[in-house]
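Colleague: what's the 3D shape of this:
(chains A, B and C, ligands or ions: 2)
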Amino acid sequence: NILEHKQEAKNPFFHVVELTDDTVDPEVWGKNFPIQYDDYKRTVDQVRTRYGGSEALPRTPTQADPRSIVAQSRLEDDPRLKIMWAGYAFSKDFREERGHAFMLEDQTYTERQQVVKQPGTCIQCHASVYGPSMRLGGGDLIKGFEKMNAMTYADARKEVTHPVTCVDCHEPKTMQLRITRPGFMEGMKALKASQGVKDYDVNKIATRQEMRTYVCAQCHVEYYFKGTEKRLVYPWAKGLKVDEMLAYYDEVQHKDWVHAESGAPVLKAQHPEFEMYNQGIHARSGVACADCHMPYKRVGAHKVSDHHVRSPLMNINRACQTCHKWPEEELRQRVLTIQDRTYEMRNVAMDALIDLIKDIKAAKTNGASDALLAAPRDFQRKAQFYLDFVEAENSMGFHAPQEAARVLGQSVNFSRKGQVELRDKK
Amino acid sequence: NILEHKQEAKNPFFHVVELTDDTVDPEVWGKNFPIQYDDYKRTVDQVRTRYGGSEALPRTPTQADPRSIVAQSRLEDDPRLKIMWAGYAFSKDFREERGHAFMLEDQTYTERQQVVKQPGTCIQCHASVYGPSMRLGGGDLIKGFEKMNAMTYADARKEVTHPVTCVDCHEPKTMQLRITRPGFMEGMKALKASQGVKDYDVNKIATRQEMRTYVCAQCHVEYYFKGTEKRLVYPWAKGLKVDEMLAYYDEVQHKDWVHAESGAPVLKAQHPEFEMYNQGIHARSGVACADCHMPYKRVGAHKVSDHHVRSPLMNINRACQTCHKWPEEELRQRVLTIQDRTYEMRNVAMDALIDLIKDIKAAKTNGASDALLAAPRDFQRKAQFYLDFVEAENSMGFHAPQEAARVLGQSVNFSRKGQVELRDKK
Amino acid sequence: MKASVAKGTLIGVAVGVAMGVAGYTFLYAKGASYLTNDPKACANCHVMNDYYDGWIKSSHRSVAVCNDCHAPHNLAAKYLVKADNGFWHSLKFTTGRYPDNLHMRRINRKVTEEACLYCHQEVVSQIAPTPHTKENMTSCIRCHGAVGHPQK
Ligand SMILES: [Ca+2]
Ligand SMILES: [Ca+2]
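Modeller: Ligands and ions are numbered 1, 2, ... in the order given. Sure, this is the predicted structure:
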């Protein structure tokens, strides 16, 4: 009622406890910021949209995997993915991603852990690692980061207790946003250097609006493990476009694995939300991840950022209608129109890639030499990275509709040219 | 200040002369509407943008072609177009389009007229035909339309005197917009019927805002000449998307010509601005052609529609900035980003198509049977129509960025699959 | 028959209660502001603050107040619409049942469109409304939605 409205307006926060960098437990932060904490906890909700959200599938817990609920398997939705990833852990288990609350357990128990020994590096994006890193590094974040990368996943796992929490995004005294992930600091530094900006320090230079995107870009990005020390690196030294990242991987001659059926040295793209978003009109217009995924909401008399991070399609009035006057249903249809178009091309590109893989495999079994297969295999490497760049990106093209379609068109061209090449060589 | 406005504002229109359906000469209309007439005359200006506008190239007039200035040749810009159109008049002469003032002479003197006898149908979109049609039909527009279609171009040409003028878009008493082209009336009727709307009559039912697009869509659309009577038909009976128009052409088994090098029964897409625009976000948002190509301008005490119809990039402030508060240069860059992406894919699709045509030609000369070539030729028909749909559309993708990229991606797939098919058949 | 009577009384009660609550708000939140022309009065509701802040920076701050665009320019209608808005907004404000991002109801959209014409009819006399069909008039808001307060 109004009387309260007027009061609340005066004191948005309650200062109950002292918060420090060592305060990992979000419940403690919640004493000062009950609204944000309550929303934060709601990331356990599982609701499905046409291409996003997630479905809550019950399963019988096992020794190896005590989870009683998981998200739907993407491999079952589209078995072609198993062929694309043949010989790589992803062909064993790959699920639709769900809310932040699950990030630590989903990483701990994915079957991908059982088929390969994963490094401690993995932990960077699936747990609150700021405190643990500082501890390990004796106050030196980078040292702690390097130590954790060098561990086995099992050992690193013992160092952490929570999924991403308040302390990973907020400076406890001022509540200002901050970057806590060395991988992102170094990635941005390399990117800016390629644009002629020296010694870029994100925590010093980034604007508040940029930070509303960067805190997310600490994890929602393409990455690889560099060298034997398994350093977490974001491949941005030549730029953020798929073409530029592939050029980088080609230059450093990186491959994620050798394809089991074709023998091609291939790459796995992973959740390049930040990179794709950067090619879109919203990024260009200064719209941040948080504007759509953590929109302001009115609580009593003041506005807070909705810490229930989720699909904006479940929250269109707050997420979109601040800027777009169209009715909710119309806005939903606009998103679906973009996503359906992307999905159509994604399937065209997928069929083309599978055809190429089958052809190379056949040629191989018929004794084609590596020399002869070199070119077709490079076409597969290209086609596969371009396709996966959109497939692994989680907005089904919405973050940059035309760019997503361009990338898929290029992928089709690479796959089909590979097939032609193969036939002409013979 | 407002008061002054009130003074100046007494009677906006000067009613100097009576205007009727027979008043073809725009100069007479200009007596009542001097501002619109002055702007209308300025469509003779030729300025080039990266992908639009046009360049004024001097030439020495000849008997056959008295024009002393023409627009740049698209065939010289990209010789691959000659291969795509081999055996069709377009491979002889195809230029960048320019302002409305030139439409009649450019059509009269294009070399395309010299290589083929063109029908009177052509005149529909290049001259003020409303008066002449009514005359020929004795007051029956449709009859006049049919008579003119049946004539030779030379005879029809004698019936007309001006490029599109006031009377083609305006009802002379009220100045209300109106549709004067039977081809569009019938096309819309077929389209609406496919959506379950019976007996759609555009002049009765269309809203004013729709008319601000429809008057342009009388001509800026894909078309073909139906049957021996050469009736002007817009292929919309299944819908406005490229897939739906191809399905229509396949059903009625229409081909524009048989490709000279490959022998494929192919189609020529032509300026599908209206169809492409309809797949875009602006159409979806109720933005009309006239909003961008005839933006309002303040002249003295009044706002008028800028009748200098041209590229909005020459008029960004009025054409875009009322809806988009970004700086002019930023808006230009947004357009160019979209267009450059489209152009990149357009070239990928063009190379793929040329490769396919060369392959089919080679197979043919090596004695491949028509039976064997049937499938590859159908791939060419598809690939070529999809590519040309974007190539012939004049916004280089801006009217519907993601759709343009999707269509080009599909085109690439058709061309390359045709090549594979060909190799497997052998 | 019975049903509709019951329904009738229900609505009656509902409205009664609403009136009570809204009436209380109306006074407390200086709801009477709906009857003044002072923009600050509109801003009495924090809900309206964004718009007030926007208006302060808008091209119209010195030439038009909220009511110039959001209330009809003929007295009778003016107070009708204001009472209507005053009532609904007060009620919704109290119950808190309104979206974070507001949308003008159709009747208010019409009021605003006509407000534009009230002041600008000469400038736009050639373009709208077309002499013959008033309902076919061009929407001003379509292009000038931000004149009163930059769209947040
Ligand atoms: Ca998901
Ligand atoms: Ca042009």
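Colleague: got the contact list for residue 65?
Modeller: Reading this off chain A. Listed by CB atoms under 8 Å, 6 or more residues apart in numbering or on different chains, the contact set of residue A:65 reads A:109, A:111. C-beta here means a position set from N, CA and C on the backbone, and glycine is covered the same way.
Colleague: wait, I meant chain C there
Modeller: The contact partners of residue C:65, by CB under 8 Å, 6+ apart, come to C:37, C:38, C:39.
Colleague: how about 6 Å then?
Modeller: Shown in contact with residue C:65 (CB atoms under 6 Å, 6 or more residues apart in numbering or on different chains): C:37, C:39.
Colleague: ends of stretch A:143-156, how far apart?
Modeller: 14 Å (CA to CA, to the nearest Å).
Colleague: buried residues, it. List them.
Modeller: By neighbour count with 16 or more other CB atoms under 10 Å in any protein chain shown, stretch A:143-156 contains the buried residues A:144, A:145, A:146, A:147, A:148, A:149, A:150, A:151, A:153, A:156.
Colleague: measure the third one to ligand 2 for me?
Modeller: With distances defined as CB to the ion, to the nearest Å, the gap from residue A:146 to ligand 2 amounts to 58 Å.
Colleague: kindly confirm my reading that that residue is in a helix.
Modeller: Yes - under DSSP: H, G, I helix; E, B strand; the rest coil, residue A:146 falls within a helix.
Colleague: show me what contacts it?
Modeller: By CB under 6 Å, 6+ apart, the contact list for residue A:146 is empty.
Colleague: check contacts around the closest residue to ligand 2 within chain A.
Modeller: Distances between chain A and ligand 2 by CB to the ion are smallest at residue A:402, namely 22.0 Å. The contact partners of residue A:402, by CB under 6 Å, 6+ apart, come to B:341, B:401, B:402, B:405.
Colleague: going by neighbour count, which of those residues comes out on top?
Modeller: Within the contacts of residue A:402, neighbour counts (other CB atoms under 10 Å in any protein chain shown) peak at residue B:405, which reaches 30 neighbours.
Colleague: and that residue, helix, strand or coil?
Modeller: Using three-state DSSP, the structure places residue B:405 in helix.
Colleague: that one contacts residue A:403, doesn't it?
Modeller: No - Residue B:405 is not in contact with residue A:403 according to CB atoms under 6 Å; the separation is 8.3 Å.
Colleague: neighbours around residue A:375, how many?
Modeller: Here the count is done by other CB under 10 Å, and residue A:375 has 15 residues near it.
Colleague: residue contacts, it?
Modeller: Contact analysis of residue A:375 by CB under 6 Å, 6+ apart lists residue A:421.
Colleague: try residue A:178
Modeller: A:171, A:203.
Colleague: what about 7 Å?
Modeller: By CB atoms under 7 Å, 6 or more residues apart in numbering or on different chains, the contact list for residue A:178 reads A:170, A:171, A:203.
Colleague: going through the residues you listed, which ones are buried?
Modeller: Among the contacts of residue A:178, those classed as buried by 16+ other CB under 10 Å are residue A:170.
Colleague: can I assume residue A:418 sits in a helix?
Modeller: Yes - Residue A:418: assigned to a helix according to three-state DSSP.
Colleague: which SSE is the nearest residue to it once chain neighbours are set aside in?
Modeller: Leaving aside its chain neighbours, residue A:418 sits nearest to residue A:379 (3.0 Å; criterion: CB to CB, 6 or more residues apart in numbering or on different chains). With elements taken from DSSP states H and E, the one containing residue A:379 is helix A:370-391.
Colleague: in chain C, what residue is nearest ligand 2?
Modeller: Nearest to ligand 2 in chain C, going by CB to the ion, is residue C:143, at a distance of 25.6 Å.
Colleague: hmm, residue B:321 and that residue touching each other?
Modeller: No - the pair residue C:143 / residue B:321 is not scored as a contact, 9.9 Å apart, by CB atoms under 7 Å.
Colleague: what angle do the helix or strand encompassing residue A:361 and helix A:370-391 make?
Modeller: Element membership of residue A:361 [criterion: DSSP H and E] is helix A:328-365. Here the directions of helix A:328-365 and helix A:370-391 differ by 170 degrees (axes from the mean of the first three to the mean of the last three CA atoms, to 10 degrees).
Colleague: remind me what helix A:328-365 packs against, helices and strands.
Modeller: helix A:80-84, helix A:316-319, helix A:370-391, helix A:401-425, helix B:401-425 (3 or more CB pairs under 7 Å, 6 or more residues apart in numbering or on different chains; DSSP states H and E).
Colleague: appreciated, that's everything.
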